[in-house]
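[1] Pasting the sequence and the predicted model now:
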Amino acid sequence: MMIHSSSSKKLSPFKIEASGSDWREVIETLKERMLGETAPEVPENVTFSETRSLLDALSDPEGRVEVYELADRIRARFMGENVFLRGIVELSNICIKACNYCGIRAGNSEVTRYRIPDDEVIAACQKMKSSGQTTVVLQSGEDSWYTREKFGELLLRIKRETGLAITVSVGERDSDTFRFWKECGMDRYLIRFETSNREVFAAMHPDDDFDERIQCIRNLKSLGVQTGSGFMIGLPGTSLDDLARDILFCRELDLDMVGVGPFIPHPSTPAGAYEGMSDLNFLTGVIAVLRIVNFDAHIPATTAFDAIDPSQGRQLVLQRGANVFMPNSTPGKYRASYLLYPNKPCVDESADDCAGCVMGRILSIGRQIGTGPGHSMRLKRL
């Protein structure tokens, strides 16, 4: 795949411009190809023009509903009715990076910094296990205090004392570190590429390199680590063409999990003046298109959707293609200091409150809580 590189030097607002394609014909073709009586176990890849047509359909009320329904049927066929829980523990809000939209970026002096002691992390994991959760997601800023060895010891303790599946999301590291952490018990790793538009990536991540980010993803896959990545919807300087490329790039990377969320810049950042993406119908439509293209990847209903609509944001995402829910399992005293974006939900709730709320929300839409670790579905076709 050719990664798009825009020639514009100034980031303009996100553009939703229809391409004039016949989305109705595309949807009917995809229904037959992916859900028909003769549909193969592994469908033919969705093309760029088809992906672009699906995104066009989101501007039409009838088209949106068609895309939502197709995505939900594809999710049911390839992923089933289970919603897997991945409890997030936000280890540290200390970060050496300067991402221009992120509330815990190194240059934000308004943040009260913290790092959760290992014993408290273990206690949070034990509480998750006792509530029936099977996976912990260890997330933090790029905190250099966590050396290969220090973090490896934490992984060993979690695996030894709880047996939970472990997903890690702590930024870019070298291949030897990933290998060591896998040996210590890491099952999965999540690192988003954020956008396939190189110019926008550079503008939003001034101290990161796009090619190095992608190499991290490829290194993880070569080591046999279940790998997740994804992007932001509505970044300044991007368009529907960029979104189509982002969705297809996830498929090209053959990811085990694809995590996406709306662009919601923190006000205390250089990107804070940009308007965030808040159109929930469009956002959940992108999730639906993501599911259609990445038919057998785990797709989480990320917390940021509840920042837009706390009452039903993540339920709608689950009904339009997602199959993973990430309750916040961070100890309460740290939550308000881990604000990547404004209006983050659940910062005043306990882990027990979050777990109970999550289960109620999932059951309310007729889905069931997944049991077991919920490992990659993609591995079944390799």
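    The structure has been received and is ready for your questions.

[2] Count the neighbours of residue 112 for me.
    Other residues within reach of residue 112, judged by other Cβ atoms under 10 Å, total 8. Where you see a C-beta, it was placed from the backbone N, CA and C, and this is true even at glycine.

[3] For residue 260, see how far away it is.
    For residue 112, the distance to residue 260 (Cβ to Cβ, to the nearest Å) stands at 29 Å.

[4] Please, where are all the strands along the stretch 51-200 of the chain?
    In the stretch 51-200 of the chain, the strands defined using DSSP state E, counting those that start in this stretch lie at 82-85, 87-92, 135-140, 165-169, 188-190.

[5] Mean neighbour count added to those, as CSV?
    Below are these laid out as CSV (neighbours: other Cβ atoms under 10 Å):
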stretch, mean neighbour count
strand 82-85, 22
strand 87-92, 25
strand 135-140, 23
strand 165-169, 23
strand 188-190, 26
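
[6] Of all those strands, which one comes closest to residue 47?
    Residue 47 lies closest, by Cβ to Cβ, to one member of the strands of the stretch 51-200 of the chain: strand 188-190, at 27.2 Å.

[7] Show me what the closest residue to residue 187 other than its chain neighbours bridges to in the sheet.
    Leaving out its chain neighbours, the residue that sits closest to residue 187 by Cβ to Cβ, 6 or more residues apart in numbering is residue 165, at 4.8 Å. Taking DSSP bridges as the rule, residue 165 bridges to residue 135.

[8] List the contacts of residue 165.
    For residue 165, the contact set (Cβ atoms under 8 Å, 6 or more residues apart in numbering) comprises 134-136, 187-188, 373-375.

[9] Can you lay out the residues you listed as JSON lines showing pLDDT and distance to residue 339?
    Formatted as JSON lines, those follow (pLDDT from 0 to 100; distance: Cβ to Cβ, whole Å):
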{"residue": "134", "pLDDT": "94", "distance to residue 339": "28"}
{"residue": "135", "pLDDT": "97", "distance to residue 339": "24"}
{"residue": "136", "pLDDT": "98", "distance to residue 339": "21"}
{"residue": "187", "pLDDT": "98", "distance to residue 339": "28"}
{"residue": "188", "pLDDT": "98", "distance to residue 339": "25"}
{"residue": "373", "pLDDT": "91", "distance to residue 339": "30"}
{"residue": "374", "pLDDT": "93", "distance to residue 339": "28"}
{"residue": "375", "pLDDT": "93", "distance to residue 339": "31"}
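
[10] of all these, which two lie farthest apart?
    136 and 375, at 14.3 Å, using Cβ to Cβ across the contacts of residue 165.

[11] Please read off the pLDDT at the spatially closest residue to residue 97 that is not a sequence neighbour from the model.
    Once flanking residues are discounted, residue 97 sits nearest to residue 142: 5.1 Å by Cβ to Cβ, 6+ apart. pLDDT for residue 142: 98.

[12] unless I'm mixing things up, residue 142 is touching residue 191, no?
    No. Using Cβ atoms under 8 Å as the test, residue 142 is too far from residue 191 to be in contact (10.4 Å).

[13] Make sure residue 232 is indeed in a strand.
    Yes. Judged by DSSP: H, G, I helix; E, B strand; the rest coil, residue 232 forms part of a strand.

[14] Report how many residues lie close to the residue lying closest to it once chain neighbours are set aside.
    The shortest distance from residue 232 to any non-neighbouring residue, by Cβ to Cβ, 6+ apart, is to residue 263 (4.7 Å). Neighbours of residue 263 under the rule other Cβ under 10 Å: 25.

[15] can you give me the helices in the stretch 151-300 of the chain?
    175-183, 198-204, 210-222, 240-253, 280-293 (DSSP state H, counting those that start in this stretch).

[16] Could you dump the ones you listed into JSON lines and include mean pLDDT, mean neighbour count and distance to residue 18?
    Output for these, formatted as JSON lines (pLDDT from 0 to 100; neighbours: other Cβ atoms under 10 Å; distance: least, Cβ to Cβ, whole Å):
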{"stretch": "helix 175-183", "mean pLDDT": "99", "mean neighbour count": "17", "distance to residue 18": "42"}
{"stretch": "helix 198-204", "mean pLDDT": "97", "mean neighbour count": "20", "distance to residue 18": "21"}
{"stretch": "helix 210-222", "mean pLDDT": "98", "mean neighbour count": "17", "distance to residue 18": "28"}
{"stretch": "helix 240-253", "mean pLDDT": "98", "mean neighbour count": "22", "distance to residue 18": "8"}
{"stretch": "helix 280-293", "mean pLDDT": "98", "mean neighbour count": "24", "distance to residue 18": "13"}
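
[17] so which of those helices comes closest to residue 122?
    helix 175-183 (16.8 Å).

[18] between that closest one and helix 210-222, what angle do the directions make?
    Counting by axes from the mean of the first three to the mean of the last three Cα atoms, to 10 degrees, helix 175-183 lies at 40 degrees to helix 210-222.

[19] contacting residues around helix 175-183?
    If you take Cβ under 8 Å, 6+ apart as the criterion, helix 175-183 is touched by 148, 151-152, 155, 168, 173, 186, 189, 219-220, 222-225.
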